[in-house]
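Asker: Sequence plus predicted model, see below.
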Amino acid sequence: MNTRKAMFVFSILPIFVVSQLTSDFLFDRFQRFRIKRAVTEIEKSKVLTGEFPKNVDLRMGIEYTAGKNGYGFKYSRGFLETVRYNSTDREFITYGWND
């Protein structure tokens with residue numbers, strides 16, 4: 001009887017692993033899409049007003065910071081990883097727990 005339970009657990013385990021990897025991938029893509037959309041709005045605001053907005057309404061744990069020379073975004077991707085976007089570099093950089 002114990003071998004049947006063990007086989008059941010080991011047959012279901014890959015489903016959980018694949019679903020976690022899929023959700024992590026999709027969450028990362030959605031967050032990057034939201035940030036890219038916010039970047040276009042920020043750039044439009046910069047052209048119209050001459051400065052970066054102090055606050056941007058973002059959801060799902062995205063943090064926005066603005067300074068005189070640029071702006072940045074930060075969100076946590078899970079697995080002790082943080083993704084940052086800086087307007088001067090214009091790229092997403094992932095930092096792990098060891099960085």
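Answerer: Cool, the structure landed. The model shown is predicted, which means the values in this text are computed figures rather than measured ones.

Asker: Can you get me a residue count around Val47?
Answerer: The criterion is other Cβ atoms under 10 Å. On that basis, Val47 has 8 neighbouring residues. All C-beta atoms are positioned from the backbone trio N, CA, C, and that covers glycine.

Asker: quick one: what helix or strand has it in it?
Answerer: Here Val47 sits within helix 2-49, counting by DSSP states H and E.

Asker: Could you point out the longest strand of the protein?
Answerer: Ranked by residue count, the top strand of the chain under DSSP state E comes out as strand 71-78.

Asker: so what strands line up beside that one?
Answerer: Taking DSSP bridges as the criterion, strand 71-78 forms sheet pairs with strand 63-66 (antiparallel), strand 81-86 (antiparallel).

Asker: would a markdown table of those with distance to Lys54, mean pLDDT and mean neighbour count be doable?
Answerer: Output for the strands paired with strand 71-78, formatted as a markdown table (distance: least, Cβ to Cβ, whole Å; pLDDT from 0 to 100; neighbours: other Cβ atoms under 10 Å):
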| stretch | distance to Lys54 | mean pLDDT | mean neighbour count |
| --- | --- | --- | --- |
| strand 63-66 | 6 | 91 | 16 |
| strand 81-86 | 17 | 92 | 17 |
